[in-house]
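I'd like to go over a predicted model; first the sequence, then the structure.
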Amino acid sequence: MSHTVVVLGGTGFLGHHVVRRLSARSCSVRVASRHPERAHELFHGLSPEPQGAAVDIHDAASVARCVAGAQAVVNAVSLYVEHGRETFRSVHVTAAGRVAQLAREAGVDRLVHVSGIGADAASPSLYIRSRGQGDQAVRSAFPAATLIRPCVMFGPDDAFLTTVLNLLRRLPVYPMFGHGATRLQPVHVEDVAEAIARVVERDDSRAATVECATFECGGPRVFSYAELIETVARAARLQVSRIPVPFAVWHALARLAEVLPGHPLTRNQVELMQIDTVVSPHARTLADLGIQPRDLERAVEAIAFPEIAA
């Protein structure tokens, strides 16, 4: 495969794994970012080496220039904390619809839009609602778009397992969200990246299996939050004592934490921890793309004991 693929958000956690997967398939990859120099820093040495392109997803002209001549576009841009003009609506809905519209006008063959598990335009959660409305905007502008909805992702340098491990190591008692009953189905970031690469590389004989499709990407096991903490601690060979903390307390803490540098905790994150994030019973999944999802335990061991993993 030698066609040109644009990856918006290609320097992010998921995006940079997608770029590497596509480069390994001999794609010519344009990494769209407001900081294109990061592409050279991240991907120097890959062959063919992905090229950085200066793009602001809020600026139609820069997006149009970037997608011109591309055969496929992957939109992996996401937002977890609102600030200034970067709002859930501006990024997940308005910008996503704009990218889809400009991709269609440019004659792009394939559009892969990364959304989120449980995306629902009618959700009371602002974040989940924006994801659902964004999916609608994308499909309205580019009807054949493929939607990828991952569960919470884990992997090296993530903000999920790494955070849990750090807290387990530092705190004598681990504070849980509520009673730890919320269900999660964490998925390895490499599995989601591979799913996107397989959608991009599909040939005409398989086009109907992915065009207009929605794939929900989850790991091999559904955990309650309490089970997840226990599993991570066991894989990292740590002892854990848990204490339930009411969600009302978490929301109050998050309101204070949002003004701190780096936003260590947000109300959006707390809100999401009150909602089950698992693959729907009848959804298309990683298995439909021929992918066997990886176990969380092995990823924990690789993060906790890098010297052994190496």
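That came through fine. Residues are numbered from 1 along each chain as shown.

Break down this protein into its helices, ranges please.
13-24, 37-43, 60-67, 88, 96-105, 126-141, 161-170, 189-201, 207-210, 225-235, 247-257, 267-272, 296-304, 306-309 (DSSP state H).

Give me the helix or strand of the chain that scores worst on average pLDDT.
helix 207-210 (a mean of 63; mean pLDDT, DSSP states H and E).

low pLDDT regions in the chain?
Along the chain, segments meeting pLDDT under 70 span 1-2, 203-209, 308-310.

switch the cut-off to 80
1-2, 202-211, 262-264, 307-310 (pLDDT under 80).

any idea which residue of it is furthest from its center?
residue 172 (31.1 Å; C-alpha atoms, centre = their mean).

Not counting its neighbours along the chain, what's nearest that one?
The shortest distance from residue 172 to any non-neighbouring residue, by C-beta to C-beta, 6 or more residues apart in numbering, is to residue 241 (7.0 Å). Quick note: C-beta positions are derived from backbone N, CA and C, even for glycine.

Would you check that the one you found makes contact with residue 171?
No - assessed by C-beta atoms under 8 Å, residue 241 is found out of contact with residue 171, at 9.0 Å.

Please give me every residue in contact with the closest residue to residue 67 other than its chain neighbours.
Once flanking residues are discounted, residue 67 sits nearest to residue 106: 4.8 Å by C-beta to C-beta, 6+ apart. When contacts are counted by C-beta atoms under 8 Å, 6 or more residues apart in numbering, residue 106 touches 64, 67-70.

The residue lying closest to residue 220 once chain neighbours are set aside: what's it in contact with?
Leaving out its chain neighbours, the residue that sits closest to residue 220 by C-beta to C-beta, 6+ apart is residue 293, at 4.9 Å. Residues near residue 293 by C-beta under 8 Å, 6+ apart: 187-188, 191, 217-220, 286.

from the residues you listed, which is closest to residue 305?
When these are compared for distance to residue 305 (C-beta to C-beta), residue 188 comes out closest, at 17.2 Å.

Contact partners for the closest one?
Counting by C-beta under 8 Å, 6+ apart, residue 188 touches 153-155, 219, 293-294, 296, 299.

Also residue 117?
By C-beta under 8 Å, 6+ apart, residue 117 lies in contact with 149-152, 185, 216-218, 277-279.
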